[in-house]
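Colleague: quick check, what structure comes out for this input:
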Amino acid sequence: MSSMENETSTAPKKRGFPVLVLLPLIVFVSLAFLFLFQLLMGGDPSKIPSALINKPAPEFALPHLEDLSKDGVQMPGFSRDDLIGQVSVVNIFSSWCGPCRQEHPLLEDLAKLDGFQLIGINYKDKPENARRFLGSLGNPYDRIGVDNTGRAAIDWGVYGVPETFIVDKTGTIRYKFIGPLDPTNYETGFLPELRKIIAEG
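Modeller: Numbering: from 1, shown residues only. Here you go, the predicted model:
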């Protein structure tokens, strides 16, 4: 065997570039273009359409947050039945969520208004952390249900934390806000929708 043949047989084979390495980059770029398209078209990225708008809230039953009391009474969990008969604002929150902390003062203000109940879904959180979060920032909720597994959030079509829904007296989801409420979207978008739904009776 010649030396040239020997070099050829022992040379390492060239490997093709693994396409899977590029997959995360492709997904990221696609989402970035979608976000940019929404902004350029004048859309609000917080108002992603939801398949549940104008449809009944899903069936669920969430346990209470242990050892969390209000006015000396254990705060109740909640189920779909608790949404019937009065307008409800349902807020998905967690202690580990930075934007939840940012929007919390607005929820405290919201709780001072009349005509609805304010309900929290505590998402994939540790009970002690959730209690500490509410103890330091205040507890604006009338009820809090614990969603340890995230199953209820999936049923509600939640994209991330925080999200806030308005449910009418019939238990129908009428409005969904994705992301943290801030003073602008709270005053110009969320509150007008809430007042309109309350006024409809």
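Colleague: now the strands: where do they sit in this structure?
Modeller: Assigned by DSSP state E, the chain shows strands spanning 55-56, 61-62, 69-70, 73-74, 78-79, 88-93, 117-123, 143-147, 163-167, 172-178.
Colleague: low pLDDT regions in the chain?
Modeller: 1-50 (pLDDT under 70).
Colleague: could you pull out the helices for it?
Modeller: With DSSP state H, the ranges of helices along the chain come out as 3-10, 23-40, 98-110, 127-137, 151-155, 183-185, 191-199.
Colleague: tell me what the fifth one is packed against?
Modeller: In this structure, helix 151-155 makes packing contacts with strand 117-123, judged by 3 or more C-beta pairs under 8 Å, 6 or more residues apart in numbering; DSSP states H and E. Any C-beta I mention is one placed from the backbone N, CA and C, and that applies to glycine too.
Colleague: paired strands for the strand it packs on, with orientation please.
Modeller: strand 88-93 (parallel), strand 143-147 (parallel) (DSSP bridges).
Colleague: contacts for the longest one next, please.
Modeller: Strand 88-93 is touched from outside by 57, 82-83, 100, 104, 107, 110, 116-123, 141, 153, 156, 158, 161-167, 194, with contacts defined as C-beta atoms under 8 Å, 6 or more residues apart in numbering.
Colleague: mark which of those residues are buried, thanks.
Modeller: 57, 82-83, 100, 104, 107, 110, 116-123, 141, 153, 156, 158, 161-167, 194 (16 or more other C-beta atoms under 10 Å).
Colleague: how far off centre is stretch 172-183?
Modeller: Its chain's C-alpha centre lies 9 Å from the corresponding centre of stretch 172-183 when counted by C-alpha atoms, centre = their mean, to the nearest Å.
Colleague: correction: stretch 55-70
Modeller: Its chain's average C-alpha position is 15 Å from that of stretch 55-70, according to C-alpha atoms, centre = their mean.
Colleague: list the buried residues in it.
Modeller: 57, 60, 62, 64-65, 68.
Colleague: distance between the ends of that stretch?
Modeller: One end of stretch 55-70 to the other measures 32 Å (C-alpha to C-alpha, to the nearest Å).
Colleague: cool, and stretch 129-143?
Modeller: For stretch 129-143, the first-to-last residue distance is 17 Å (C-alpha to C-alpha).
Colleague: same check on stretch 174-190?
Modeller: Between the opening and closing residues of stretch 174-190 we find a distance of 12 Å, counting by C-alpha to C-alpha.
Colleague: quick one: contacts of that stretch?
Modeller: Outside stretch 174-190, the residues that touch it by C-beta under 8 Å, 6+ apart are 45-48, 50, 52-54, 99-100, 102-103, 106-107, 157, 159-160, 162-168, 193-194, 197.
Colleague: switch the cut-off to 7 Å
Modeller: The contact list for stretch 174-190 (C-beta atoms under 7 Å, 6 or more residues apart in numbering) reads 46, 48, 50, 53-54, 99, 102-103, 106, 159, 162-168, 193, 197.
Colleague: how many other residues sit next to the closest residue to Glu193 other than its chain neighbours?
Modeller: Once its chain neighbours are removed from consideration, Glu193 has its nearest residue in Tyr175; the separation is 4.7 Å (C-beta to C-beta, 6 or more residues apart in numbering). Counted with other C-beta atoms under 10 Å, the neighbours of Tyr175 add up to 20.
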